[in-house]
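J.: please find the sequence and the predicted model below.
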Amino acid sequence: MARLPYASLSSEPIQPLVERITKERGSVLHLYQMLLHSPPVAEGWLNYLTAIRQKCSLNGALRELVIVRVAIINGADYEAAQHVPIALKEGVTQAQIDALSDWQASDQFSEKEKRVLALTDEMTRNVQVDKATIDNLKAHFDERELVELVATVASYNMVSRFLEALGIHIDDERSPA
């Protein structure tokens, strides 16, 4: 159960933002209903995460592997539940999803994917990243893609931390629309 009540979607000042979120995301997910307590934060969040997920050149399957791995490390079940279906649509296999918890011991991932997952683990668990980790990725990514990869890992750590701090869960009962 969330630690704060979800924002009312019928509040007049947030209607344009509610309409935009619905248009871009299909509905106002639990995450956005919580963010709407602060319209400037909700709007900035929407702009930023839309850029990360829809405007970057990073391969969608790699992006979703990163997002689901961050969710697993951080124990963010809501984040994982939202992104596993997207990962599967982007070409991640169910076998890869199943192996993500112990990817180092798995044969389900390419060398490139393993390097991406190593970065994800290092950023999520340690914050600081060894120079060799980045250097190992340079063989697979140009500067733009590396920036987008690091930004994706960082962004979804932000998402999972927000979700977990406020106890947002997929089965929460939400405030009426």
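T.: Perfect, I can see it now.

J.: now L146. Nearest residue, chain neighbours left out?
T.: L137 (6.1 Å; C-beta to C-beta, 6 or more residues apart in numbering). Where you see a C-beta, it was placed from the backbone N, CA and C, and this is true even at glycine.

J.: that neighbour and V116, how far apart?
T.: Here the criterion is C-beta to C-beta, to the nearest Å. By it, L137 lies 7 Å from V116.

J.: who has more neighbours, those two?
T.: Legend: neighbour count by other C-beta atoms under 10 Å for L137 and V116, higher for V116 (27 against 19).

J.: might one say that that one is in contact with N136?
T.: No: applying C-beta atoms under 8 Å as the test, V116 and N136 come out as separate, 9.9 Å apart.

J.: quick one: contacts for the residue most central in space within the chain?
T.: Centroid-nearest residue in the chain: Y156, 3.7 Å away (criterion: C-alpha atoms, centre = their mean). Each residue near Y156 by C-beta atoms under 8 Å, 6 or more residues apart in numbering is listed here: V66, I67, V70, A71, E79.

J.: in strands only, show me these.
T.: Among these, no member falls in strands (DSSP state E).

J.: in helices, which of those residues appear?
T.: Applying DSSP state H to those, the entries found in helices are V66, I67, V70, A71, E79.

J.: can you tell me which of those is nearest I52?
T.: I52 lies nearest to I67 out of these, by C-beta to C-beta, at 9.3 Å.

J.: okay, now that closest one: neighbour count?
T.: Residues near I67, counting by other C-beta under 10 Å, number 28.

J.: check G60 too.
T.: Using other C-beta under 10 Å, G60 has 16 other residues around it.

J.: not counting its neighbours along the chain, what's nearest it?
T.: Once flanking residues are discounted, G60 sits nearest to E90: 3.8 Å by C-beta to C-beta, 6+ apart.

J.: residues contacting that neighbour?
T.: Counting by C-beta under 8 Å, 6+ apart, the residues that E90 touches are G60, A61, R63, E64.

J.: low-confidence ranges in the chain?
T.: 175-177 (pLDDT under 70).

J.: distance from stretch 151-162 to the middle of the chain?
T.: 6 Å (C-alpha atoms, centre = their mean, to the nearest Å).

J.: just the CA coordinates of it, formatted as CSV?
T.: Provided in CSV are the C-alpha atoms of stretch 151-162 (Å, rounded to 0.1, in the frame of the first residue of the first chain):
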residue,chain,number,x,y,z
ALA,A,151,21.3,7.9,-18.6
THR,A,152,18.9,5.0,-18.8
VAL,A,153,20.5,3.1,-15.9
ALA,A,154,20.5,6.3,-13.9
SER,A,155,16.9,7.2,-14.8
TYR,A,156,15.5,3.8,-13.8
ASN,A,157,17.4,3.8,-10.6
MET,A,158,15.6,7.1,-9.9
VAL,A,159,12.3,5.5,-10.8
SER,A,160,12.8,2.5,-8.6
ARG,A,161,13.9,4.6,-5.7
PHE,A,162,10.8,6.8,-6.0
